[in-house]
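> sequence and computational prediction follow.
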Number of protein chains: 2
Amino acid sequence: MKMSDVAKMANVSPATVSRVLSNPDLVSKQTRDKVLEVIDKVNYQPHIVARQFRTKVTKTILAVVPDITSDFFSEVLRGIEHVAINEGYQVILGDTEHSLERESDYVNLLLQKQVDGMVLLTAKLEKERLEELAEHFPIVLACEYIDGLNVPTVSIDNISAARKATEHLIHLGHKQIAHICGPMNVILSRDRLRGFRQAMMSHDLDVDPSFIQEGGLTIESGYNQMTKLLALETPPTGVFVYNDEMAMGAIKAVKESGLQVPEDIAIVGFDNLKMSMVIEPHLTSIDQPKYDIGQKAMNLLVQMINKEQIKKRSFVMKDELIIRDSCGGKARSTMPPKASL
Amino acid sequence: MKMSDVAKMANVSPATVSRVLSNPDLVSKQTRDKVLEVIDKVNYQPHIVARQFRTKVTKTILAVVPDITSDFFSEVLRGIEHVAINEGYQVILGDTEHSLERESDYVNLLLQKQVDGMVLLTAKLEKERLEELAEHFPIVLACEYIDGLNVPTVSIDNISAARKATEHLIHLGHKQIAHICGPMNVILSRDRLRGFRQAMMSHDLDVDPSFIQEGGLTIESGYNQMTKLLALETPPTGVFVYNDEMAMGAIKAVKESGLQVPEDIAIVGFDNLKMSMVIEPHLTSIDQPKYDIGQKAMNLLVQMINKEQIKKRSFVMKDELIIRDSCGGKARSTMPPKASL
DNA sequence: AGAATAAATGTAATCGCTTTCGGTGCTGGT
DNA sequence: ACCAGCACCGAAAGCGATTACATTTATTCT
């Protein structure tokens, strides 16, 4: 059943059918109703791929995420999807699992015109490659970023957030503070490390090189790095951990060593995942507006697709330190029926 | 830059270029190399939508999930995506957030020929509608199912798994056993409830109606239902909870009431999420092979797309009771460096 | 009323690829 | 020397929609 069939049945030309479908005001109410009736009767569905082919717009975008399994990214994905639905876009999921190659493969969908644009939640690609791509296709970066890259980017200020987290520990009186950081080849890890260092420095606190432990991004990795820290002659009394998942591993490690959080060791995480409300003790963490980041990024992308000019390059969303129990100094929180998790 | 341009530059016909791209053996090595050289030189990328239009195959499938934010579904999504990549498929993500309407909307992508097939991780649609669709399009159901539906389905046996979980409690000596169940309008909830009842009955144990509490699917919901149970004159000594997320809420509730898990109340969950290894106490839970379910489902879908006959209707994967600490009766587990989480 | 303008519809080209069908030239068998 | 068979390649149709342009019909204005 194609459009010309419908046209025949309604005694009009295919053009008219096309118009009632995508430009109804151009056709008189009478014939519009007639056509609609036929469409309804035969249950006609336009062949979207034919339309995409003809119009060169696919109404689908690509979302490239480093790890679909992570609570963090699935939240921003949801933000993306919501505005996608509102704007009539489909989203193709590209889970790279942190692989540069996979990221590179997905980017091909742009070149092949399978998608109208792309939001990248990871940025392992070379700056030049990305810049070149961005000249030809709508692209927005979210969460991660690349220095000096001329592509709209939405994220939080990781440096200041890390500083804030570290200073929380400092204000609580800690002096022996360690940092379990993420992989140094991702810029966010370097930023958070930098924020940590800035905070320490501005309070005249030394940072022992062995107090900086580079980890992966998993619970296990947090566990492992924490046990290294615990094995030190004088372990830290506070540690700022790259993200909540690793922080959970870290907490597990200190508990198993017979020590307590926060009494013996205070811990602050990053990302404010759902889990941080349920682990014992409840995790003090930096909240990123994950959903909003996704929304903002997707909104920017559709603006770009619509050729609207975007004045700013960088959109920084506001983060917030959520103080719970893992650093002490505050009453334990309970969970009211409608707790904001 | 289109195929005919490449053809001109290589002094061949467009047909030949097409052939070197998708049927290389049909063209002599000599001209093939010549064409390849031109393609490489001008960096030609075929217009995939044109190909999709012409061939009527999109090489993309639709994955409809009820909640992209859930650890459970993101794992099976990963399984799906892995075989999708292997088989050259893109996957469009459809997050319904448990809404029937959204589910129904996504199904339209099939009718409009935007995708070659669909795997459903939720089944709110009417049986008749789904059956009708399945006659015309490749569809496979995973995780959820519909009774008597003639559509390939991959899942675990929820009834026997629930029975197993409940019997674990029974064997530990519990007699006052409650069940916090999922929403009764989803079949999995009914199945797990049925398994619970079967186990109780076969051990001549009564189930007090107030020991069955229907919840939503969230941590809060688990928390709320558990507090109801705790408020009873004689609270249960063991409870089987619909899933791990709700179980976390439940654990939180008993802790806050001043009681302990498992000393005062034993809890067993379902799904074996990553989190269950990090919560205190570590959660005893039924493991579903999430990744395998996704893989299997997608493999079946590919077979169907390729018109291969599928003999079986129902593929049941094997689940496993993972015994940890939330029911007592076993030493606390630690986390070795390469723990299988 | 008739011309000028506006509204509604139809005609036909077109998007970029794949594929059927037929032609050309070569090989080898007799 | 002839023909069958084969490997290779080109011509052209066609996938199903959109849209520029042409044409017809309705409306308004003088």
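Now that the structure is in, tell me what you want to look at. Numbers count the residues shown, from 1 in each chain, chains lettered A, B, ... in the order given.
> please report phi then psi for residue A:65.
Dihedral pair for residue A:65: phi -120, psi 150, per degrees, to the nearest 10.
> burial check on it, number of neighbours?
Residues near residue A:65, counting by other Cβ atoms under 10 Å in any protein chain shown, number 27. Just so you know, the C-beta spots here come from the backbone N, C-alpha and C atoms, and that holds for glycine as well.
> likewise residue A:278?
Residue A:278 has 23 neighbours, counted by other Cβ under 10 Å.
> okay, residue A:302: pLDDT?
Looking at residue A:302, its pLDDT reads 98.
> counting neighbours, what do you get for it?
Residues near residue A:302, counting by other Cβ under 10 Å: 20.
> now residue A:9: how far from residue B:83?
Separation of residue A:9 from residue B:83 (Cβ to Cβ, to the nearest Å): 42 Å.
> oops, could you answer that again for residue A:161 instead?
Distance, residue A:161 to residue B:83, by Cβ to Cβ: 38 Å.
> ok, residue A:298 next?
For residue A:298, the distance to residue B:83 equals 28 Å [Cβ to Cβ].
> which of these two has more neighbours?
residue A:298 (29 against 19).
> so what's the gap between whichever strand or helix holds the more buried one and the chain middle?
Using DSSP states H and E, residue A:298 sits in helix A:290-305. Taking Cα atoms, centre = their mean, to the nearest Å, one finds helix A:290-305 lying 11 Å from the centre of the chain it belongs to.
> which other helices and strands contact whatever helix or strand comes next after it?
As assigned by DSSP H and E, the chain's next helix or strand after helix A:290-305 is strand A:314-317. Helices and strands touching strand A:314-317, by 3 or more Cβ pairs under 8 Å, 6 or more residues apart in numbering or on different chains; DSSP states H and E, are strand A:153-156, helix A:290-305.
> list of residues touching the longest one?
With contact meaning Cβ atoms under 8 Å, 6 or more residues apart in numbering or on different chains, helix A:290-305 is reached by A:61, A:72, A:75-84, A:87, A:89, A:116-119, A:138-143, A:152, A:154-156, A:271, A:310, A:315, A:317.
> out of the residues you listed, which sit inside strands?
Using DSSP state E, the subset of these located in strands is A:61, A:117-119, A:139-142, A:154-156, A:271, A:315, A:317.
> of these, which is the nearest to DNA strand C?
Taking Cβ to the nearest atom of the strand as the measure, DNA strand C sits nearest to residue A:117 out of the ones in strands among the contacts of helix A:290-305, at 18.6 Å.
> give me every residue that touches the closest residue to the closest one other than its chain neighbours.
Excluding the flanking residues, the one nearest residue A:117 by Cβ to Cβ, 6 or more residues apart in numbering or on different chains is residue A:138, at 3.5 Å. Residue A:138 is in contact with A:116, A:117, A:118, A:301, A:304, A:305, counting by Cβ under 8 Å, 6+ apart.
> check what pLDDT residue A:138 gets.
Looking at residue A:138, the pLDDT reads 98.
> what about it, distance to residue B:37?
Here residue A:138 is placed at a distance of 32 Å from residue B:37 (Cβ to Cβ).
> likewise residue A:126?
26 Å.
> one more: residue A:137?
26 Å.
> what about those two, which has more around it?
Comparing residue A:137 with residue B:37 by other Cβ under 10 Å, the one with more neighbours is residue A:137, at 19 against 12.
> who touches the one helix or strand residue A:49 maps to?
According to DSSP H and E, residue A:49 maps onto helix A:48-55. Contact partners of helix A:48-55, identified using Cβ under 8 Å, 6+ apart, comprise A:58, A:59, B:49, B:50, B:52, B:53, B:58, B:112, B:113, B:114.
> and if we set it to 10 Å?
Helix A:48-55 has contacts (Cβ atoms under 10 Å, 6 or more residues apart in numbering or on different chains) with A:2-3, A:18, A:21-22, A:47, A:57-60, A:90, A:113-114, A:116, B:47-58, B:108-109, B:111-115.
> and that helix, what's buried?
Neighbour counts over helix A:48-55 (16 or more other Cβ atoms under 10 Å in any protein chain shown) mark A:48, A:49, A:50, A:51, A:52, A:53 as buried.
> so which of these reach DNA strand C?
Near DNA strand C, judged by Cβ under 7 Å from any atom of the strand, the entries from those are residue A:53.
> with the buried residues of helix A:48-55 in mind, which one is nearest to residue A:178?
Proximity of the buried residues of helix A:48-55 to residue A:178 (Cβ to Cβ) peaks at residue A:52, which lies at 53.3 Å.
> so for that closest one, what's the pLDDT?
Per-residue confidence (pLDDT) for residue A:52: 98.
> ok, residue A:277 next?
Here the pLDDT value assigned to residue A:277 is 88.
> count the neighbours of it for me.
Residue A:277 is flanked by 22 other residues according to other Cβ under 10 Å.
> distance check, it against DNA strand D.
Per Cβ to the nearest atom of the strand, to the nearest Å, residue A:277 is found 48 Å from DNA strand D.
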